[in-house]
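Visitor: I would like to see how this sequence folds:
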Amino acid sequence: MSRAFVKEDSDRPEPPIVRTPGDNPNYVTAEGLQKLHDALAASQAANDTRNVTYYEQRIESAIVDDPATHKRNVVAFGSTVTTLDQSGKRTRVKIVGEDEADPTAGLISWTSPYAQALLDHRAGKKVTVHRPAGPVILTIESIE
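Guide: Have a look, this model is predicted:
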């Protein structure tokens, strides 16, 4: 008989994979830090020890970025940027921390290729974003 059909001594489920915080600095906006605290509270209420540990580590390592320290009119962490691509499509994104990124809501991680192409540039500048679908040239229209 094949071992595939033999019951093992333990029917316990495997432990969940440990979430690791990553190697990048944990930059967050003030809103992002609040979201981490909210996620921690929800994980604690659900007795989800895996996520409690993860969110505790993320909060402990959080570096809250103050937009007031940035140069004016230069794309930086926390900036909301409007771009125009070669086909005339306008896109508006906010550059945020890894935990608060939600591309469908226009929130992109500062570590993403899109954000990396925009950072440290001014309105009017053309930048190239290298994507899996091929490069795209964007013009930075405005920075908030």
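Visitor: can you list the buried residues in stretch 37-51?
Guide: 39-40, 43, 48, 51 (16 or more other C-beta atoms under 10 Å). The C-beta positions use only the backbone N, C-alpha and C, and glycine is treated the same way.
Visitor: to clarify, my last question referred to stretch 63-83.
Guide: 65, 75-79, 81, 83.
Visitor: for it, the averaged confidence score.
Guide: Mean pLDDT, stretch 63-83: 91.
Visitor: the helices in the chain, which residues?
Guide: 30-45, 49-61, 113-118 (DSSP state H).
Visitor: any chance of those helices in CSV with distance to residue 98 as columns?
Guide: Formatted as CSV, the helices of the chain follow (distance: least, C-beta to C-beta, whole Å):
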stretch, distance to residue 98
helix 30-45, 9
helix 49-61, 9
helix 113-118, 11
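Visitor: between the ones you listed, which one is closest to residue 124.
Guide: helix 113-118 (12.8 Å; C-beta to C-beta).
Visitor: now do the closest one: distance to the chain's middle.
Guide: 12 Å (C-alpha atoms, centre = their mean, to the nearest Å).
Visitor: which helices and strands does that helix pack with?
Guide: Other helices and strands packing on helix 113-118, by 3 or more C-beta pairs under 8 Å, 6 or more residues apart in numbering; DSSP states H and E, are strand 90-96, strand 107-109, strand 126-129, strand 136-143.
Visitor: residue 71: which of the ones you listed is closest?
Guide: Using C-beta to C-beta, the helices and strands packed on helix 113-118 put strand 136-143 closest to residue 71, at 10.2 Å.
Visitor: what pairs with the closest one, and is each one parallel or antiparallel?
Guide: When pairing is defined by DSSP bridges, strand 136-143 lines up against strand 80-85 (antiparallel), strand 126-129 (antiparallel).
Visitor: now the first one against strand 90-96, angle please.
Guide: Compare the direction of strand 80-85 with that of strand 90-96 by axes from the mean of the first three to the mean of the last three C-alpha atoms, to 10 degrees and you get 140 degrees.
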